[in-house]
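[1] Have a look; sequence and predicted model below, questions after that.
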Amino acid sequence: MHTSPGATPIPSWAVGGVTVHRIDEVALPPATGPWLLPDATPEVVTAQDWLHPHFAGHDGILHLDSHSFAFVVNGLRVLVDTGIGNGKERANPAWHNLRTDFLERLTAAGFPPDSVDLVILTHLHADHVGWNTRQVNGEWVPTFPNARYLTSRAEREFWATYDMEEAREQMFRDSVIPVEHAGLLSTVDVPHKGAEIAPGLRLIPTPGHTPGHVAVELTSQGETALISGDCVHH
């Protein structure tokens with residue numbers, strides 16, 4: 001558990017020689033659980049002892065939030081997914097025009113924006129790409145100017161031909177296109193066996209939630225962790 005003076009503790013876990021930090025952005029409304037998992041009724045949730053107290057209340061309400069994961073593997077400073085973002089125009093009221101301290105939390109964990117080398121996007125949904133950019137002098141610019149942003153080629157190509165509704169087009173305009181225009185977004189083919197993108201770091205294909213969705217496999221000193229993105233609640 002990482003802490004800094006006067007700050008909320010930042011949850012962290014050891015995976016071999018790598019420390020993975022969870023950078024919380026914002027808690028989501030109680031209605032989010034039934035929306036994502038309609039069969040997870042209060043009766044079902046209450047019966048799962050392992051969910052309590054961290055993942056659900058004894059009232060059967062799931063505790064859900066938006067967050068990212070940050071870690072250093074073999075010298076590479078990595079951020080997985082970038083949450084909802086501040087000041088973004090969103091159709092979902094819980095995501096609209098946020099003002100959070102996400103970047104301060106990220107910096108407190110030891111990852112100031114300029115220090116990030118790689119941003120992995122498990123998929124291109126609004127609550128996973130928002131901090132790709134931040135507003136400077138009225139323009140959306142990359143938040144992590146020294147990073148390579150990476151997603152699967154299947155994911156980007158799917159959305160390139162998709163007939164988007166206005167809300168999704170807005171998300172691409174403020175959080176994806178500026179990164180592409182800056183020359184920072186790369187795509188990679190992710191075959192069935194996965195794709196190694198750096199020593200100890202692999203993308204695993206987990207399509208369904210979106211056609212090109214990937215999970216992130218981290219391996220260090222014989223231990224492995226999987227950052228699952230949104231594949232679990234698809």
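    Great, that's in hand. Residues are numbered from 1 along each chain as shown.
[2] Count the residues that sit near residue 194.
    Applying other CB atoms under 10 Å, we find 14 residues neighbouring residue 194. Using the backbone N, CA and C atoms, a C-beta is placed for each residue, glycine as well.
[3] which residues sit in contact with it?
    Applying CB atoms under 8 Å, 6 or more residues apart in numbering, we find residue 194 in contact with 202-205, 217.
[4] ditto for residue 197
    Residue 197 makes contacts with 118, 120, 150, 188, 203, as judged by CB under 8 Å, 6+ apart.
[5] Using just helix, strand and coil, how would you label residue 66?
    With DSSP: H, G, I helix; E, B strand; the rest coil as the basis, the three-state label of residue 66 is strand.
[6] Need phi/psi at residue 229.
    Per-residue torsions, residue 229: phi 60, psi -130 (degrees, to the nearest 10).
[7] In contact with the spatially most central residue of the chain: list those residues for me.
    Geometric centre of the chain, nearest residue: residue 81, 2.5 Å, by CA atoms, centre = their mean. Shown in contact with residue 81 (CB under 8 Å, 6+ apart): 68-69, 120-122, 128-129, 229.
[8] Which of those residues sits closest to residue 20?
    Using CB to CB, residue 69 is the member of these that lies nearest residue 20, at 5.7 Å.
[9] Now do the residue lying closest to that closest one once chain neighbours are set aside against residue 213, distance only.
    Spatial nearest neighbour of residue 69, chain neighbours left out: residue 80 (4.4 Å); criterion: CB to CB, 6 or more residues apart in numbering. Look at residue 80 and residue 213: by CB to CB, to the nearest Å, they are 13 Å apart.
[10] likewise residue 167?
    20 Å.
[11] Which one's more surrounded, these two?
    More neighbours surround residue 213 than the other of residue 167 and residue 213, with 27 against 12 (other CB under 10 Å).
[12] if I pick the closest residue in space to residue 211 that isn't next to it in sequence, what's in contact with it?
    Nearest residue to residue 211, sequence neighbours excluded (CB to CB, 6+ apart): residue 158, at 4.5 Å. By CB under 8 Å, 6+ apart, the contact set of residue 158 is 210-212.
[13] are any of the residues you listed buried, and which?
    By neighbour count, with 16 or more other CB atoms under 10 Å, the contacts of residue 158 hold 210, 212 as buried.
[14] Nearest to residue 11 among the contacts of residue 158?
    Nearest to residue 11 among the contacts of residue 158: residue 210, at 26.4 Å, using CB to CB.
[15] Verify the contact between that closest one and residue 155 for me.
    Yes: when contacts are counted by CB atoms under 8 Å, residue 210 is listed as touching residue 155 (6.1 Å).
[16] just so I have it, where are all the helices in this structure?
    For the chain, the helices defined by DSSP state H occupy 32-36, 42-46, 102-108, 126-129, 153-160, 166-175, 177-181.
[17] Among those, which comes closest to residue 142?
    Per CB to CB, nearest to residue 142 of the helices of the chain: helix 177-181, 5.3 Å.
[18] what about that closest one, average pLDDT?
    For helix 177-181, the mean pLDDT works out to 98.
[19] Tell me the helices and strands packed up against it.
    Helices and strands touching helix 177-181, by 3 or more CB pairs under 8 Å, 6 or more residues apart in numbering; DSSP states H and E, are strand 139-142.
[20] In the strand it packs on, which residues are buried?
    For strand 139-142, a neighbour-count test (16+ other CB under 10 Å) marks 140, 142 as buried.
[21] swap in stretch 192-209?
    195, 197, 200-207, 209.
[22] So residue 22 versus residue 41, what's the distance?
    To residue 41, residue 22 is 27 Å away according to CB to CB.
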